[in-house]
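no sequence on hand, only this structure:
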């Protein structure tokens, strides 16, 4: 029975993994990756590691994949367009290497399993919640704390990179330099078909160049 379940879940994981790279739609690839994670979780349960299986489903198939799907839908990534393959030799090379890998794995499983002595049934607590928790907060406490510090540094670095260099007042309009702007964009009374090339780095500079009063400059207000 266990062999049948292993073949079922292993085949499901391999099929979903192939679908991840074969799908042209990134959303379908992400859903196929969820199938890979769920299949691996089932294999962990068969290996008497329920805690790792639960983490696999909660963290990877749950939180991380929800984030990936959210980003894909936020970016509105469309279906991949077929393009001409430049290095066509990579496809047969990948097929040959995959066949070699399958042959090696089959050889190891079939041949070396005959010479492997059958071990006696030993009750082990590896993979259980209690054993992982005790090892994590006793023997591996220092690496665990170092990992938390690294994650904190990554969060602070992301916040620093995303922070604005200068806060703008409410209602401010920043015009980037090197832009061709129509005059009626700043002066509604100007003709609509009269373009004007302006190279400036802010609203105040553009207003000075065009001779238009800048309402955003506090020194020029009444």
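Received it, and whenever you're ready, just let me know what you need. In this text the structure is predicted, and so the values were computed from the model without any measurement.

show me what counts as buried in the strand or helix carrying residue 17.
Following DSSP states H and E, one finds residue 17 within helix 2-22. Neighbour counts over helix 2-22 (16 or more other CB atoms under 10 Å) mark 9, 12, 13, 16, 19, 20 as buried. C-beta: built from backbone N, CA, C; applies to glycine.

and the contacts of that helix?
Here helix 2-22 makes contact (CB atoms under 8 Å, 6 or more residues apart in numbering) with 28, 29, 32, 33, 35, 36, 39, 40, 42, 43, 46.

got these as TSV, with neighbour count, distance to residue 142 and secondary structure columns?
Formatted as TSV, the contacts of helix 2-22 follow (neighbours: other CB atoms under 10 Å; distance: CB to CB, whole Å; DSSP: H, G, I helix; E, B strand; the rest coil):
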residue	neighbour count	distance to residue 142	secondary structure
28	14	42	helix
29	18	38	helix
32	18	38	helix
33	21	33	helix
35	17	37	helix
36	20	33	helix
39	22	34	helix
40	21	29	helix
42	20	33	helix
43	18	31	helix
46	12	33	helix
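
what is the nearest of those to residue 136?
Residue 136 lies nearest to residue 40 out of these, by CB to CB, at 20.9 Å.

dump the residue contacts of the closest one.
By CB under 8 Å, 6+ apart, the neighbours of residue 40 are 13, 56.

kindly recompute the last result at 6 Å.
residue 56 (CB atoms under 6 Å, 6 or more residues apart in numbering).

what pLDDT does it get?
Looking at residue 40, its pLDDT stands at 92.

where does pLDDT dip in the protein?
77-85, 113-125, 127, 162-207, 209-222 (pLDDT under 70).

quick check: domain ranges of it?
Following automatic domain parsing, one finds the domains of the chain at 1-77, 179-214.

now residue 105: how far from residue 156?
43 Å (CB to CB, to the nearest Å).

helices of the chain, residue ranges please.
In the chain, the helices defined using DSSP state H lie at 2-22, 26-46, 50-55, 65-75, 90-115, 129-136, 141-162, 203-210.

sounds good, over and out.
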